[in-house]
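A.B. asks: need a 3D model of the sequence below.
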Amino acid sequence: MSKAFLVVCLASLLVIAGCSGQKSQTPPTPPAQQQGQQAQHNMANMEDPNPIMAQMNQALDEVAAKSQANKLTEARPSAGNLVTLNNRLSSHFSDTGFRDRLSQAITALNSEVNKPSPDKAAVDKQVETVRGLIKEAPAKIMAH
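C.D. replies: Residues are numbered from 1 along each chain as shown. The predicted structure is shown next:
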């Protein structure tokens, strides 16, 4: 077969495919970001927030224990876990102000723990701030 014949065949297939594609219009799919947000929202509706808060309390206790033992660098994984858990929990809150305060407190704690030389007093203060907010959290959870 010659190259010209192959080009003509391919061009014909493209034209045929183009024509048939125009006849059957499929509904537009939402952008990937919207699909991701929808999936995240659906997951939040299915996931029980209580075990997440229990895991957050456990991670916070680990940070506090490492701080008391003056081993703040060993608290880094627990502080990072708090951030991850908060991301999972945040979609359960209808009160955006509370959600933002909790997120900011956890981020501040994680940032302090991850400094080259974390300040124990600052970590302890942030632990107590986060602990207080987590105690308020059950009252802020949306009813599903």
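A.B. asks: for this protein, give me the ranges with low pLDDT.
C.D. replies: Residue ranges of the chain with pLDDT under 70: 1-46, 144.
A.B. asks: try 80 this time
C.D. replies: Low-confidence segments of the chain (pLDDT under 80): 1-46, 143-144.
A.B. asks: how about the strands in the protein?
C.D. replies: For the chain, no strands are identified by DSSP state E.
A.B. asks: what are the ranges of the helices in it?
C.D. replies: For the chain, helices defined by DSSP state H occupy the ranges 3-23, 32-46, 49-68, 76-89, 96-113, 120-140.
A.B. asks: now do the buried residues in the fifth one.
C.D. replies: This points to helix 96-113. By neighbour count on 16 or more other Cβ atoms under 10 Å, the buried set for helix 96-113 is 98-99, 102-103, 105-106, 108-110, 112-113. C-betas here are computed from N, CA, C, even on glycine.
A.B. asks: let me know the angle separating that helix from helix 49-68.
C.D. replies: Compare the direction of helix 96-113 with that of helix 49-68 by axes from the mean of the first three to the mean of the last three Cα atoms, to 10 degrees and you get 30 degrees.
A.B. asks: from the contact counts, what lies against helix 96-113?
C.D. replies: The helices and strands touching helix 96-113, judged by 3 or more Cβ pairs under 8 Å, 6 or more residues apart in numbering; DSSP states H and E, are helix 76-89, helix 120-140.
A.B. asks: which of the ones you listed is buried the deepest?
C.D. replies: Mean neighbour count, computed with mean count of other Cβ atoms under 10 Å, is highest for helix 76-89 among the helices and strands packed on helix 96-113, reaching a mean of 19.
A.B. asks: got the angle for that one vs helix 96-113?
C.D. replies: An angle of 170 degrees separates the directions of helix 76-89 and helix 96-113 when computed by the same axes, to 10 degrees.
A.B. asks: let's see helix 76-89 as CSV, backbone CA atoms only.
C.D. replies: Extracted as CSV, the C-alpha positions of helix 76-89 are listed here (Å, rounded to 0.1, in the frame of the first residue of the first chain):
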residue,chain,number,x,y,z
ARG,A,76,6.7,15.9,63.9
PRO,A,77,4.8,12.9,62.5
SER,A,78,2.0,13.3,65.0
ALA,A,79,1.7,17.0,64.2
GLY,A,80,1.6,16.2,60.5
ASN,A,81,-1.0,13.6,61.2
LEU,A,82,-3.1,16.3,62.9
VAL,A,83,-3.1,18.3,59.7
THR,A,84,-4.2,15.3,57.6
LEU,A,85,-6.9,14.4,60.1
ASN,A,86,-8.2,18.0,60.2
ASN,A,87,-8.4,18.0,56.4
ARG,A,88,-10.7,14.9,56.6
LEU,A,89,-12.8,16.4,59.4
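A.B. asks: understood, closing this out.
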